[in-house]
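> quick one, structure for this:
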Amino acid sequence: MKIKSWLFPLTLLAGVILHSTFAKVELPGAGFSTFGSGAVRAEVVQILEEGEVNMGGHTQKYQAARVKILEGQYQGVPMEIDYGKRQVRSDDYDLTVGDKVMVSISKTPENVVNAYFVDYVRSTPMLWLAVVFALAIILISRWKGVGALLSMAFSLYVIVAYIIPQILIGEDPLRVSIIGSAVLLGVTLYLTYGWTLKTHAAVISMVVVLMLTGALSAFFVVFAKLNGTGDESVMFLVQLTETPINMRGLLLGGMLIGALGVLDDLVTTQASAVFELHHANPNLGFRALYNSAMRIGQDHVAATVNTLVLAYAGASLPMLLLFSLARGDYGSLINYALVAEEIVRIVAPTPDDPLITLVMPDKPNGCLVAIAPGIIEIAAEAILHHIQPTRIAILTHTNLRRYAEPLHSAFTQRGVPAHLMTLPSGEQMKSLRVAERLYAQLLEAGCDRGSLLVIVGGGVLGDLGGFVAATYMRGILYVQVPTTLLAQVDSSVGGKVGVDLPQGKNLVGTFHQPVMTLIDPETLDTLPLRHWRNGFAEMLKYGAALQIGLWRRLQMIVEAKLISPRRVHREAALWTLPIARCIALKAQIASEDERDLSGRRAVLNFGHTVGHAIEAALGYRDWLHGEAIAAGMVAEAEIGRILGITLPEVADELRETIAQAGLPTQLPAGVDADTLLAHMRHDKKRAGDALSIVLLEAIGNARLVPNIPTEAIREALTRCATS
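Presented below is the predicted three-dimensional model:
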C-alpha cells in the first residue's frame, strides 16, 4: 500500500476541524419552498381512477390514487392524489399498489388539506447503484479505489459544508471556490495516489493549468459580456436567496471547480503514463520520453474534447429539439448568454431552457410564465404547442406592430385565422368605451368561445385586454406578451384585469388568469428612460414590501447609476435577475391568494392607495403609474411613521432610494390632501368608511393595517406636499 498511513488520520482531523468550523455557519432563510422541499413519503394503497387528459395537444394517461402518508404531521392519514392530470408524465410507468411516492401536502385558507404527487421514491435503487459503483471501484483499484472513494466523499463534504454555505451567506464565490479547490487538490490527490513524485508532478501541473484556466475564463467572461445569468438554476437562486450573490464570481468559481474535475482526470493519468513509460524503459532519454508523453497527451486532449461535446449535447438534447422545432439557426445559439457560458466553461477550463414558473400550479386555471431573451420570435410556436384555438385575435399598440405583425403572419402560416387589432397608447384607453369597441371587432372577426386573444403591449393594454377576454362571451383564453418593464414585473402576472372609471382606477374588473405569459427582456431595448423608471418603481415596491435582498440589489443598481440614458440599454443584462425575482414574488403570492381574499395579496398594494389617488386627481395624465406609486410609497411610509409602525430610519431610507432612482418623492403640484382623501375613499380596500393601507414595519416586511385614522393620512399627505 503506497498511501502514507498518516494521510488517513490527517484527513480525518481535517474533516473534524472543517466540520466544527463550517457547522457554525447560519444560512439565510429563503422564505420559499423549493420543489419537493416539503414533500413526504407515502405508499399507494388503492388505484381509484384511470383515464386520459389533453395536455396542450398531447394526450396522456392519468391516474387517481389513494395513498397513506408514511411520515410527518399526517403520518397514517389516507389522502388522494392525481398523477398525470397537471404534469407531463411518462406512459412507461404507472402507479401500482405498494409503490412508494413523494407527495406535497398543503392546506387552504378554509383548512382543506390536499396532497399532490411529486415523484417516485428512488432512494433504494440509488443506494444500490452507489453500492455497486463502490464495489466495482474497490474490486478493480483495491486500496487506491478506497482512497478514491474517500477522496470523493471528502470532495462532496467540502462542497456541501464549505463552498455552498459560504456563498449563500454572501462571501465572494470566486474566492470561496479557489480556497475550496486548493483544499480538494491538496487532500484528494495525495489521499488517492500517495506521497509520491508522480503526485507532486500532478499537483504542480494542475496548479499551473488552473491559473491559466482562471485567467482565460476571466478574460472571456468579460470579453463575451457574460454575467452568470444564463442558467435557469441561477434564476431560481435569485428567487430563493435574500443575500446578494456575485453572479459573475459564481460563474468563474463554477468554472474553476469544473476544471478541477477535468484536470484531475487528465493530469493524473498523463503523469501516471509518463512515469509508467519511464518505469518500462529507464534508459529512455528526456526528449524521447517527452515526445512519447506528448503523443499520449494529444490523444487525451482529442478524446476529452469529444467527450465534453457529447456530454453537453446529451444534457441539452431537449433544448436542441425545441430549438429545431422553432426552426432556429444553430449558429445563432452562440449569441445567447446561457449557451456562451457553457462554451466558455468547456473551452477555457475544460438556448438552455428558459426560466419557467407557474402561477397557481395546482389549479386548472394556472398560468405558465416563461422568461427568455428572444422568446417573442418563437411565440407563435410556443402558443400553438400549448393551445389549439379556433381563431386568434392579436391586440397591440400602434407603435408595437413590429412585434405583432410577425406573430400575425406566423399564426396565419400555420393555418390559424388571425386578426390584428391596434390601439393608441395611454391610460385613457383603459375604459368601458374602448372595451365595447374591442367586443365589436372580435365579433366582426368571427371570434367564438374557442378563440384566443394575444396581448402584445404594456400594462394598460394587458389590463384592458385581459378584461375583454374575461367578459367576451363569458370568457375566452388569452396570452400576455408584455413589452414594458412595468408590465413584465407586475401587471402581466397574477390575473388581475380591469378598466378605470372617472371616479378611480381599476374600479371595474375581475380575476382572469392568462394561460401563458411570455416575457422577452429584449423588448425593453427601445424603452424610453422615463418608462424604465416607471417599471423600476414597482420593482422597488417588491423589495420594500416583501424582500430585503431584492431591495439591496436594487439599491446597488441605483448607486451604480445604471438608470441613465447611456447605461440602461447597454447593461440591460444586469436587470434580468431582479426582474426574475419580482416575477417569482408575484407568482408566489398570486398562487397563495389569487382573489385577494386572505389579505396576503394586499401587500402588493404598498404605495397604491395614495398612488391611485394621485393618478385619479391628475385625470390619469401628466404622471405615469410608477411615478404615482413612488410618491405613494413615500406618503404611506410617512403614515406608518406617524402611527409608530414604520421606523424613521426606514422611511428615510425609502425616500432617499426613490429620489436617487429619479422618481418623485412629493405629491404633484396643485394636488392637496383633501382632493387625495376624496379619491382614496373609492379605494377597493376600504371597509365602509374606514381605510386600510399597507404600511412598512421594516424594509422587506409590510402588512395591511385596517382603520387608518383620517387625520394621520391628512398629516402625512401634508408633509409630502410639494413645497
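
> identify the residues contacting G626.
Taking Cβ atoms under 8 Å, 6 or more residues apart in numbering, we find G626 in contact with L486, R533, N534, G535, F536, A537, E538, L663. C-beta here means a position set from N, CA and C on the backbone, and glycine is covered the same way.

> same thing but 6 Å
Neighbour list for G626: L486, N534, A537, E538 [criterion: Cβ atoms under 6 Å, 6 or more residues apart in numbering].

> and the first one, that's in a helix?
So that's L486. Yes - counting by DSSP: H, G, I helix; E, B strand; the rest coil, L486 falls inside a helix.

> give me the number of residues near it?
The number of residues packed near L486 is 27, by other Cβ atoms under 10 Å.

> hmm, N534 and it touching each other?
Yes - using Cβ atoms under 6 Å, L486 is in contact with N534, at 5.3 Å.

> wait, doesn't M633 sit right on T609?
No - taking contacts as Cβ under 6 Å, M633 lies outside contact range of T609: 10.3 Å.

> higher neighbour count, the two?
Between M633 and T609, counted using other Cβ under 10 Å, M633 has the larger neighbour count: 30 against 25.

> look at the more buried one and report its pLDDT.
Note on M633: pLDDT of 98.

> what sits closest to it if chain neighbours are left out?
Distances taken as Cβ to Cβ, 6 or more residues apart in numbering place G607 nearest to M633, at 3.5 Å, with adjacent residues excluded.

> returning to what we had before: of the contacts of G626, closest to G446?
Set against G446, the nearest of these by Cβ to Cβ is L486 (33.1 Å).

> give the contact list for the closest one.
For L486, the contacting residues are G459, N534, G535, E538, G626, by Cβ under 6 Å, 6+ apart.

> kindly report the same for L485.
Residues near L485 by Cβ under 6 Å, 6+ apart: L524, W532, G535.

> mind doing that once more with 7 Å?
Residues in contact with L485 (Cβ atoms under 7 Å, 6 or more residues apart in numbering) are L524, L527, H531, W532, G535, F536.

> ditto for L501
Counting by Cβ under 7 Å, 6+ apart, L501 makes contact with L507, V508.

> and the pLDDT at it?
Per-residue pLDDT puts L501 at 87.

> kindly state the beta-bridge partners for it.
G504 (DSSP bridges).

> gap between it and G619?
To G619, L501 is 12 Å away according to Cβ to Cβ, to the nearest Å.

> please apply the same query to V40.
From V40 to G619 the distance is 55 Å (Cβ to Cβ).

> low-confidence ranges, the stretch 451-600 of the chain, go.
Counting by pLDDT under 70, the stretch 451-600 of the chain shows low-confidence ranges at 560, 562-574, 576, 594-599.

> these two touch, right, A580 and V369?
No - A580 lies out of contact with V369 (Cβ atoms under 7 Å); the separation is 10.1 Å.

> overlap of the contact sets of those two?
Counting by Cβ under 7 Å, 6+ apart, A580 and V369 have no shared contacts at all.

> wait, L624 touches W532, no?
No - look at L624 against W532 with Cβ under 7 Å: they stay out of range, at 10.8 Å.

> so the two - more neighbours on which side?
Shown here are L624 and W532; by other Cβ under 10 Å, W532 has more neighbours (24 against 19).

> how far away is that one from C582?
To C582, W532 is 14 Å away according to Cβ to Cβ.

> and V118, that one's in a strand?
Yes - under three-state DSSP, V118 sits within a strand.

> quick one: residues contacting it.
Shown in contact with V118 (Cβ under 7 Å, 6+ apart): G36, A39, M102, V103, S104.

> farthest pair within those residues?
G36 and V103 (10.0 Å).

> what's the burial count for the residue nearest to L624 when sequence neighbours are not counted?
Nearest in space to L624, with sequence neighbours left out and distances taken as Cβ to Cβ, 6+ apart, is N534 at 4.4 Å. Using other Cβ under 10 Å, N534 has 25 other residues around it.

> cool, and Q503?
Q503 is flanked by 11 other residues according to other Cβ under 10 Å.

> again, but for Q480
Quick note: Q480 (other Cβ under 10 Å) scores 30 neighbours.

> with A148 instead?
There are 18 residues near A148, going by other Cβ under 10 Å.

> and it, that's in a strand?
No - secondary structure of A148 (three-state DSSP): helix, not part of a strand.

> S141 is in contact with that one, correct?
Yes - here A148 reaches S141: they are 6.4 Å apart, a contact under Cβ under 7 Å.

> so is E43 in a helix, a strand, or just coil?
strand.

> for D674, see how far away Y620 is.
20 Å.

> likewise Y93?
In this view, Y93 and D674 are 67 Å apart by Cβ to Cβ.

> repeat for D490
D490 is 30 Å from D674, where distance means Cβ to Cβ.

> neighbour count: the two, which is higher?
D490 (27 against 9).

> I'd assumed A537 was in contact with that one.
No - between D490 and A537 there is no contact under Cβ under 7 Å: 9.8 Å.

> quick one, domains of this protein?
Domain segmentation of the chain under automatic domain parsing yields 7-18+125-322, 39-121, 356-527, 580-719.

> closest to L546 out of these?
domain 580-719 (5.4 Å).

> gap between the two ends of that closest one?
Domain 580-719 has an end-to-end distance of 35 Å (criterion: Cα to Cα, to the nearest Å).

> how many other residues sit next to G458?
Other residues near G458 come to 25 when the count uses other Cβ under 10 Å.

> one step back: which one of the domains of the chain has the lowest average pLDDT?
Across the domains of the chain, domain 7-18+125-322 gives the lowest mean pLDDT, at a mean of 65.

> hang on, G145 packs against A136?
No - here G145 lies out of contact with A136, judged by Cβ under 7 Å, at a distance of 8.5 Å.

> for G466, which non-adjacent residue is closest in space?
Counting by Cβ to Cβ, 6+ apart, G466 lies nearest to V497, which is 3.1 Å off, once chain neighbours are set aside.

> I'm done for today, thanks for sticking with me.
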